[in-house]
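K.L.:
prediction below, plus the sequence it came from.
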Amino acid sequence: MNKRVIIEKKILFLQTIILTKDWMNTNIKYLGLELKSPIIAGSCGLTNSIDNLLELERSGAGAIILKSIFEEQIVFDIKRNMTEVAPIDQYGISYDYVASHVAEDSMEKYFALIREAKQKLTIPLIGSINCYQFQNWITYAKRFEEAGCDALELNMSMLPYETSTSADDVARLYQQIISTLKNTLSIPIAVKVSPYFTDLSKFMEQLSWMGIGGITIFNKTVNVDIDVNTIEMKSAPIISKPDDVYNTLKWTAILCKKVRCDISSSTGVFTSDDVVKMLLAGAKSVQVVSCLYENGLEYMKTLNDGLQQWMSAHNFSSIDQFRGILAVKSTENASLFFRTQSMKHFAEI
């Protein structure tokens, strides 16, 4: 083989790479926002610094969800900072006034991060809040919009732990918060939910009718463990496991055609194959957290590369060509569908 033929083959190879890259389009629209990739960095401690946010963007994140503001953390900061000055019972009638200023200082650091990120990042930035008092859902949410967030994810983990609380009470609270925020904010809203609903499909359908932009399935509820040596209650590990992906995958496939909003799949996504599976089941976006903790922020690039390689191997030029092709059809009985899958496995039919 002469030198000219070798050069021509190299040129053809490089052209093929360039054409393949241009041919595949991983753009997706989520919550009405244009994303270059459906893979999103989910809310966690890794999304709480400007350096990390910039690294995630460089590695190909389609969007970033900031670390949640937890109302309990604000309350903790208030008590800690105030007790450094004087015992709480010495504040008297001035307590509420001082507490409001301490809370403002605590939150300002968070919203300063949002303002700086909006100046330096080009990808969508999504805020996240988790509250327990109704009024604070409203107060904090408005601050996210004012700081410049493109959308807001409501991390709503409300479980009826108390015997005095019914499932209907929980449902009404969800609906009340969402309805009020829909009338208060102009940015899109996504609701991040737990899988612990008796009527999960029906309730998610009802929430989607309220005009929200998306539903994220699922959030990680805090589990508990017991140290048998110290005889104390403690938190269980929060990091997801690869096997967690199957429950998320099942409900993505069930809800995709049933709800009137986007689905964002979260929990148990560790590989590019997991991302592809969620998209095939109907997800508009796929959130990753635990795999970033295990492999580093640059792992976002590995996930995107794997998605593009799969698309190339199966001759898909865009996400929309295959997204949702394995979702349960809107007219299909989901119970019968999954019972059939189970029987195929156990009865070999």
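P.N.:
Structure's in. What do you need? Numbering: from 1, shown residues only.

K.L.:
for stretch 131-139, what is the average pLDDT?
P.N.:
For stretch 131-139, the mean per-residue pLDDT is 81.

K.L.:
then stretch 112-125?
P.N.:
96.

K.L.:
okay, buried residues for it please.
P.N.:
Judged by neighbour count using 16 or more other CB atoms under 10 Å, the buried positions of stretch 112-125 are L113, I114, A117, L121, I123, P124, L125. Glycine gets a C-beta too; all of them are placed from N, C-alpha and C.

K.L.:
next up, the contacts around the fifth one.
P.N.:
Spelled out, it's I123. L35, K36, E57, A61, G62, A63, I64 (CB atoms under 8 Å, 6 or more residues apart in numbering).

K.L.:
for S235, state which of the buried residues of stretch 112-125 is nearest.
P.N.:
Lowest distance from S235 to these (CB to CB) belongs to L113, with 25.5 Å.

K.L.:
that closest one: what's it in contact with?
P.N.:
Applying CB under 8 Å, 6+ apart, the residues contacting L113 are N48, S49, I50, L66.

K.L.:
of the contacts of I123, buried ones?
P.N.:
With burial judged by 16+ other CB under 10 Å, the buried subset of those is L35, K36, E57, A61, G62, A63, I64.

K.L.:
just these: which are in strands?
P.N.:
Per DSSP state E, strands hold the following members of those: L35, A63, I64.

K.L.:
OK, contacts around the last one?
P.N.:
Going by CB under 8 Å, 6+ apart, I64 touches I40, A41, T47, L53, L56, E57, A117, L121, I123, P124, L125, I126.

K.L.:
go again using 10 Å as the cut-off
P.N.:
By CB atoms under 10 Å, 6 or more residues apart in numbering, the contact set of I64 is 40-43, 46-47, 52-54, 56-57, 117, 121, 123-126.

K.L.:
next step: these restricted to strands.
P.N.:
I40, A41, L125, I126.

K.L.:
so which residues of the stretch 101-250 of the chain form helices?
P.N.:
134-147, 167-184, 200-208, 245-255 (DSSP state H, counting those that start in this stretch).

K.L.:
packed most tightly, which of those would that be?
P.N.:
helix 245-255 (a mean of 21; mean count of other CB atoms under 10 Å).

K.L.:
after it comes which helix or strand?
P.N.:
Moving toward the C-terminus from helix 245-255, the next helix or strand (DSSP states H and E) is strand 262-265.

K.L.:
could you pull up the mean pLDDT of that next one?
P.N.:
98.

K.L.:
same for it, what does it pack against?
P.N.:
Secondary-structure packing of strand 262-265 (3 or more CB pairs under 10 Å, 6 or more residues apart in numbering; DSSP states H and E): strand 28-30, strand 189-193, helix 200-208, strand 214-217, helix 245-255, helix 272-281, strand 285-288.

K.L.:
how does it look with 8 Å?
P.N.:
If you count contacts as 3 or more CB pairs under 8 Å, 6 or more residues apart in numbering; DSSP states H and E, strand 262-265 packs onto strand 214-217, helix 245-255, strand 285-288.

K.L.:
which residues does the longest one contact?
P.N.:
To tie it back to what came earlier, the one meant is helix 245-255. Where contact means CB under 8 Å, 6+ apart, the residues beyond helix 245-255 that reach it are 195, 200-201, 204-205, 215, 217-218, 263, 265-270, 274, 277-278, 281-283, 326-328, 334, 338.

K.L.:
filter those down to the buried ones, PyMOL style.
P.N.:
To isolate the buried ones among those in PyMOL, judged by 16+ other CB under 10 Å, type:
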select buried, resi 200+201+204+205+215+217+218+263+265+266+267+268+269+270+274+277+278+281+282+283+327+328+334
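
K.L.:
E153: neighbour count?
P.N.:
The number of residues packed near E153 is 31, by other CB atoms under 10 Å.

K.L.:
pretty sure it contacts G127?
P.N.:
Yes. The criterion here is CB atoms under 8 Å, and E153 meets it with G127 at 7.0 Å.

K.L.:
show me what contacts D225?
P.N.:
M233, K234, S235, A236 are the contacts of D225 under CB under 8 Å, 6+ apart.

K.L.:
need those residues in CSV with pLDDT, can you?
P.N.:
CSV is the format used below for those (pLDDT from 0 to 100):
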residue, pLDDT
M233, 92
K234, 89
S235, 85
A236, 85
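
K.L.:
that concludes my questions; thank you for your assistance.
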